[in-house]
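Chemist: Fold the following and give me the result.
(one chain, ligands or ions: 2)
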Amino acid sequence: MNQHVIVTLTLNPSLDRTIEVDRLVHGTVIRATSARLDPGGKGVNVSRALLANDVPTVAVVTAGGADGDQLVHLLEADGIPLGAVRVAGRTRSNITVVEPDGVVTKLNEPGEPLSREELDAVADRVLAEMGSASWVVTCGSVPPGVPTGIYARMCEFFTAAGVRVAVDTSGPALLAAVEARPFLIKPNREELAEAVGRPVDSVGDVVEAAEELRDRGAGTVLASLGADGAVLVEEEGVTIGEAPVAVPRSTVGAGDALLAGFLAAGARGAPALAEGLAWGAAAVGLPASRMPRPEDIRRDIVRIHTRPDLGRSLIA
Ligand SMILES: Nc1ncnc2c1ncn2[C@@H]1O[C@H](COP(=O)(O)OP(=O)(O)OP(=O)(O)O)[C@@H](O)[C@H]1O
Ligand SMILES: O=P(O)(O)OC[C@@]1(O)O[C@H](CO)[C@@H](O)[C@@H]1O
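Modeler: Ligands and ions are numbered 1, 2, ... in the order given. Just a heads-up that it's a prediction; the model follows:
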């Protein structure tokens with residue numbers, strides 16, 4: 001049995017349209033300088049990053065309507081092993097506008113509701129792929145009308161079936177999932193602040209908030225902090241690191257690349273954090289949500305601090 005397949009689940013995937021402009025001016029017609037279409041959604045990106053680095057993965061996604069067909073087509077063209085569950089609602093399109101300094105404006109559709117039967121079919125599809133899996137990674141927003149406890153239920157279900165579960169979502173879905181004792185969560189700074197109901201303005205605040213979520217049920221917390229890097233809070237202690245990027249091209253999907261690299265490297269301690277940071281930084285240096293390949297990843301730029309400066313401010 002192959003223990004290394006990482007199954008990702010994206011309930012609300014997307015067609016990601018990325019448009020580059022010279023300047024975004026509200027209320028005007030802007031001529032784009034380039035446009036690009038990628039298969040999108042957080043779990044989809046984790047699978048794309050893993051595959052690009054020869055880590056076995058399967059992406060389970062919902063797909064509906066002609067846009068769902070196109071999503072499946074794009075994923076198949078990229079060679080991503082796929083568990084596509086056909087659903088009645090149309091797959092959404094998300095739009096990213098990128099300015100020359102790398103500033104990103106993102107417009108995400110809500111997606112369409114999923115029926116109870118469709119959710120059951122998704123869970124069955126994950127179970128069918130799980131025989132050879134080391135992880136199930138449940139990612140992204142919950143479509144409208146779907147109970148916010150859906151990731152919590154899936155976490156309990158997949159954990160009971162003997163696999164480690166990672167959750168990357170936000171708001172009430174994240175809070176509920178934490179109670180279901182996932183092995184790993186990957187909140188960004190805003191998601192962490194929302195989950196604990198107070199601002200997270202320093203590295204010390206991140207560690208405190210992460211410890212609170214661990215007390216509530218999360219195993220390991222990998223908190224991503226944009227240009228400030230990431231903080232890993234696990235049973236063994238706290239590790240912090242960053243990987244500076246001189247010229248950011250697009251931060252879309254950087255969190256997904258960080259998570260993919262962290263899982264690919266064993267999801268524990270400084271070596272896994274360093275690998276995640278290297279993948280995240282590489283993603284930031286690439287256009288749109290392109291996921292890094294081995295030749296894009298520079299491990300020499302990563303700095304790891306085992307004795308973190310907890311007073312360091314995260315406010316620019
Ligand atoms: N400007 C930047 N410079 C260097 N590294 C960055 C920058 N922005 C992001 N990163 C890297 O990418 C990781 C993820 O970024 P961030 O915290 O913004 O995740 P996120 O909000 O989950 O992103 P997304 O949802 O778009 O995938 C960071 O932990 C860091 O390693
Ligand atoms: O709306 P969600 O599910 O929170 O996020 C979806 C999304 O913004 O996340 C990915 C980047 O992380 C993109 O591919 C996709 O468009």
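
Chemist: Around ligand 2, which positions in the stretch 151-300 of the chain sit nearby?
Modeler: Residues of the stretch 151-300 of the chain lying near ligand 2 by CB under 6 Å from any ligand atom: 252-253, 255-256, 289. Placement of C-beta: from N, CA and C, glycine included.

Chemist: any idea which of those residues is closest to ligand 1?
Modeler: For these, the residue nearest ligand 1 by CB to the nearest ligand atom is Gly255; the value is 2.1 Å.

Chemist: three-state assignment of the closest one?
Modeler: helix (DSSP: H, G, I helix; E, B strand; the rest coil).

Chemist: And the residues of the stretch 151-300 of the chain next to ligand 2, which two are furthest apart?
Modeler: Spatially, the most separated pair among those is Gly255 and Ser289, at 10.7 Å (CB to CB).

Chemist: that older thread, kindly identify which of the residues of the stretch 151-300 of the chain next to ligand 2 also come near ligand 1.
Modeler: Applying CB under 6 Å from any ligand atom to these, those adjacent to ligand 1 are 252-253, 255-256.

Chemist: Output those residues in a markdown table; the columns should cover pLDDT.
Modeler: Shown next, in a markdown table, are those (pLDDT from 0 to 100):
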| residue | pLDDT |
| --- | --- |
| Val252 | 95 |
| Gly253 | 96 |
| Gly255 | 98 |
| Asp256 | 98 |
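
Chemist: which one of those has the most neighbours?
Modeler: Asp256 (32 neighbours; other CB atoms under 10 Å).

Chemist: ok, the residue lying closest to it once chain neighbours are set aside to Asp124 distance?
Modeler: Nearest residue to Asp256, sequence neighbours excluded (CB to CB, 6 or more residues apart in numbering): Asn45, at 3.6 Å. To Asp124, Asn45 is 24 Å away according to CB to CB, to the nearest Å.

Chemist: between these two, which one's more packed in?
Modeler: A count of neighbours by other CB under 10 Å puts Asn45 above the other of Asn45 and Asp124, at 31 against 13.

Chemist: Wait, that one touches Leu258, no?
Modeler: No - Asn45 lies out of contact with Leu258 (CB atoms under 8 Å); the separation is 10.5 Å.

Chemist: Could you list the contact residues of the stretch 51-200 of the chain toward ligand 1?
Modeler: Going by CB under 6 Å from any ligand atom, the residues of the stretch 51-200 of the chain near ligand 1 are Asn188.

Chemist: So which residues of the stretch 51-200 of the chain form helices?
Modeler: Applying DSSP state H, counting those that start in this stretch to the stretch 51-200 of the chain gives helices spanning 65-77, 116-129, 150-160, 171-179, 189-196.

Chemist: which strands and helices sit next to the helix or strand hosting Gly261?
Modeler: Using DSSP states H and E, Gly261 sits in helix 254-264. Applying 3 or more CB pairs under 8 Å, 6 or more residues apart in numbering; DSSP states H and E, we find helix 254-264 packed against helix 42-52, strand 133-139, strand 164-168, strand 220-224, helix 269-284.

Chemist: Spit out the contact partners of the one residue sitting closest to the centre of the chain.
Modeler: With distances taken as CA atoms, centre = their mean, Asp256 lies nearest the centre of the chain, 3.5 Å away. Shown in contact with Asp256 (CB atoms under 8 Å, 6 or more residues apart in numbering): 42, 45-46, 49, 139, 168, 283, 289, 291.

Chemist: what about it, distance to Leu263?
Modeler: 11 Å.

Chemist: returning to what we had before: out of the contacts of Asp256, which are buried?
Modeler: 42, 45-46, 49, 139, 168, 283, 289, 291 (16 or more other CB atoms under 10 Å).

Chemist: residues in contact with Thr169?
Modeler: 138-142, 151, 177 are the contacts of Thr169 under CB under 8 Å, 6+ apart.

Chemist: So stretch 273-282, near ligand 1 or not?
Modeler: Yes - using CB under 6 Å from any ligand atom, stretch 273-282 reaches ligand 1 at 277, 280-281.

Chemist: quick check, Thr239 in a strand?
Modeler: Yes - assigned with three-state DSSP, Thr239 falls within a strand.

Chemist: That one against Arg268, yeah?
Modeler: No - using CB under 8 Å, Thr239 is not in contact with Arg268; the gap is 10.1 Å.

Chemist: Now for Val245, which secondary structure element holds it?
Modeler: Using DSSP H and E, no helix or strand contains Val245.
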